[in-house]
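**Student:** Just the structure for this:
(chains A, B and C)
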Amino acid sequence: MSNILNIENLNKSFDGVSPVKDVSFAVGKLDIVLISGENGAGKTTLFNLITGLEKPTQGKITFNENNIADKSALQISRLGIIRLYQQPRLFKNLLVWENLVSAAHQNKGNSFVNLIFKHKAAKQEDENLKQKAIDLLTKFGLQDLSNQTAGELSYGQQKLISFCMIAMNGTQLALLDEPFAGLNPQTIERFSKMILQMNSEGITFLIIEHNTNKALEICKRHIEMKDGKIFNLKQQVA
Amino acid sequence: MNYILHILVMLEIYILLALSANQKVGLSGLLSLAQAVFYGVGAYASAIVITKFGFSYWLALPVAISACVITALVFSFIAGKVRELYFSLATLALQIIFFSVCYNWIPVTNGSYGISGISNPEIFGMKINTPLSFALFGGVVVSLVIGFYVWFLKTPISRLIQATRDDQIAVLSLGKNPNYYKRVSIILSAIIAGVAGSIYATYTTYIDPSSFTLDESILILSIVLIGGAGRIIGPITGAVIYILLPEVLKFLQMPDGIAANMRMILFGLLLVLIVRFKPKGIFGKFMIQ
Amino acid sequence: MHLILDIATQILLNSIVSGLLLSLVAIGFTYIFRTTRVFHLAHGGIYVAGAFACWWTLTNTNNWFIAIAFAIAVVAILIYLIEKAVYLPLNKKQSNQSISLIASMGLYVVIVNILALLFGNENKTIENSISGSYEIGNIILTKVQMIQTVIGIVATATFIIYLKLSKSNLTLQAISDNATISKVFGINTNNERMKVFIAGSVLACIAAILKTLEVGIDPQAGMSITLTAAVVAILVSRMNVLMVIAFSIALTILQNSVEWFLDAQWKDGITFLLLLLVILFRTEGIISYNLRKDRV
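**Tutor:** Residues are numbered from 1 along each chain as shown, chains lettered A, B, ... in the order given. Below you'll find the predicted structure:
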């Protein structure tokens, strides 16, 4: 099993500050890796570097054997790395199913040209995607939310739906930034099951979490960070 | 009767302007203080090719639309580079630069003297040169645009345009390019406003820079914010309020001179009240956040 | 050669004087913008309201003291009401800057149209305005310009002294950086906001009166000078009175040079082209590397 993500000697420094110092680790396909550490340990910067929102000062990041350290955020998300933010990011004025369909990797109707010249195919694809969205929501027991405006959902629901958007996209690698933050235990359970489900369907996960107990129930590996460095690389029995 | 038809034509033009602003402000969330620029580009482009090159209206229209598309590309370049308030300020700058160009580039625009003698359109040999025929012509155009939107608002691309408004970083994270959706939106907005401009030019047969000022842009923006952004009914309501307000004031026996100022006072007050108490506007689906 | 030097010097002199007037408006706008984050286009409305209040009182009483006092009172009350009724509530709702910009536009439209209703749209001048000039070599300095310069300097000096004495500069800077934390440290942000609004409005009122002395006033006159002041505010990007004055004068020199050597009306276009370029090259893009943890 080759590694989906390879980080080598990653370093980010500026103005005398080094949020990430010489970090190296690998993520295997279908891994679920927990990254934990105190605030300021460099976890979010690490995510920013992987997803292209920040550029590394030094080091290599390879995704499926491709170097992505110098690629733009848009290119990286298109290659198959998607990030879930701490504060749920969804399209507040759209309905939940519209949110999911918008998250889909491909949709002819997203392009104006296709819309005009291939409109029959576009319409069909859109309808298929809507069905797929509803099926996905049903799979996770969230179908009742499908016609609600996303902005009206509770915080917990928004987090679950934004995860569903990642599931809908069917990306290869998902970076979850503190997914359990602010959720009650039942919702955390539910979320955990959703992560495991999507993992069995082919998504690799990198998870930042402070709630290490809960996270370790689903994570196969554990990386601890401190002051920008990797403090402890644990292989945990899955 | 002719007077009512004249009001109707102006209403149709302002409905088009409001819908164009709705595209950019409502659907894309790009607060533009320069809608009058597209309006003006459409009007001037049409006026120039009709009077200087003898084009017919139907040849002038594609020229006007092309000019608007080029202008739109400038705007979308800027939209891709700056955000929120600074985007609005950039549009403000473009509006003033545009007015400056209209006013001073005398060889092309005739400056403050304006361009006159813009001929009316002709269709199947019949001239559209009466208030009635213009009202019908305008009505057809408005119907087409509204029909377009009824379809467009259900398409995936319009969803993504709105998604870009709601959270462009999320759009980026999901592998889609927010700048593309802003660009499509701005181009659509520009085309509709440009068409409104061309209709205005051939209707009044005379245009000058004073119709395409910052005040006009602020007015168009207010129309869509008061009526409400997002749904189709919002901009139409805003346009109706703007056009009918002076008529209501005249009905209340207000003298003409006062009515003009009174209309703007009420309109400005309405804008402040809406922003303060009902940010979605009267019928809007979307609040400027 | 001599002629060009004379013309250049004259332009320079004129620019310094009108640049000083501009800076009165720009200081207010800059401090208001940086402290409250409101892009206060209604400043232009305040400007003309003050000028008309002064003009009307002067025409009816012929007493400068009463006229000026009344104008300042009108302006202070007006901005007080605006802040309390519009800007502060919007700020409490955590509205973004675009919303207060729109509200400000609405207020401007209301103020200017009420003035047009009351006084008409034509330019109003002050009768028996001060005429006459001094000549220094080939350069002319009108008496009005003299008064504008003196009062302009006095007004800005007063403002600077006020800032120093009340230690407001530090307070305002704190609010500008982070209003929430300022409150935690005991700064009464509501009070400071109001003080800044009133101070800025008074400065604008003085500038308006000085301008009216020279060329008269009409309801539309506020927008142009406010927009130019806004350009200065964005160019300067910090709350520093001397920098605002310097940039105001520099911008006025640019405008007047364009007016003289190119064509009168292009000066607006050039000013805003400058603004556009500054916006494009100075502000951050959408993937702002200002990504702080609470934003992402």
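**Student:** tell me which residues form a beta bridge with the residue nearest to residue A:81 when sequence neighbours are not counted?
**Tutor:** Excluding the flanking residues, the one nearest residue A:81 by Cβ to Cβ, 6 or more residues apart in numbering or on different chains is residue A:173, at 4.7 Å. In this view, the C-beta of every residue, glycine as well, is placed from N, C-alpha and C. Under DSSP bridges, the beta-bridge partners of residue A:173 are residue A:81, residue A:204.
**Student:** where's residue A:173 relative to chain B, distance?
**Tutor:** Using Cβ to the nearest Cβ, to the nearest Å, residue A:173 is found at 12 Å from chain B.
**Student:** and that residue, how many neighbours?
**Tutor:** For residue A:173, the count of nearby residues is 23 (other Cβ atoms under 10 Å in any protein chain shown).
**Student:** how close does it get to chain C?
**Tutor:** Using Cβ to the nearest Cβ, we find residue A:173 at a distance of 18 Å from chain C.
**Student:** repeat for residue A:212
**Tutor:** Distance from residue A:212 to chain C, counting by Cβ to the nearest Cβ: 19 Å.
**Student:** who touches that residue in this structure?
**Tutor:** A:34, A:36, A:222 (Cβ atoms under 8 Å, 6 or more residues apart in numbering or on different chains).
**Student:** per-residue pLDDT, the second one?
**Tutor:** I take that to be residue A:36. Note on residue A:36: pLDDT of 89.
**Student:** Show me which residues of the stretch 51-200 of chain C sit near chain B.
**Tutor:** Neighbours of chain B within the stretch 51-200 of chain C, by Cβ under 8 Å from any Cβ of the partner chain: C:85-86, C:89-90, C:95-99, C:101-103, C:105-110, C:113-114, C:116-117.
**Student:** cool, and chain A?
**Tutor:** By the rule Cβ under 8 Å from any Cβ, the part of chain A lying against chain B is A:51, A:73-74, A:77-78, A:82-83, A:85, A:89-94, A:98-99, A:101-103, A:105, A:107-112, A:115, A:122, A:126, A:162, A:165, A:169, A:171.
**Student:** okay if I get the contacts of residue A:212 as TSV plus secondary structure and distance to residue B:269?
**Tutor:** Output for those, formatted as TSV (DSSP: H, G, I helix; E, B strand; the rest coil; distance: Cβ to Cβ, whole Å):
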residue	secondary structure	distance to residue B:269
A:34	strand	57
A:36	strand	56
A:222	strand	61
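**Student:** By neighbours, which of those wins?
**Tutor:** In terms of neighbours by other Cβ under 10 Å, the contacts of residue A:212 top out with residue A:34 at 24 neighbours.
**Student:** so where do the strands sit in chain B?
**Tutor:** In chain B, the strands defined using DSSP state E lie at B:115-116, B:122-123, B:126-127, B:206-207.
**Student:** how far away is residue A:178 from chain C?
**Tutor:** For residue A:178, the distance to chain C equals 11 Å [Cβ to the nearest Cβ].
**Student:** I'd guessed that residue sits against residue A:191; true?
**Tutor:** No: counting by Cβ atoms under 8 Å, residue A:178 does not reach residue A:191; the two are 11.4 Å apart.
**Student:** quick check: longest helix of chain C.
**Tutor:** Criterion DSSP state H: the longest helix present in chain C is helix C:2-36.
**Student:** Perfect, that will be all.
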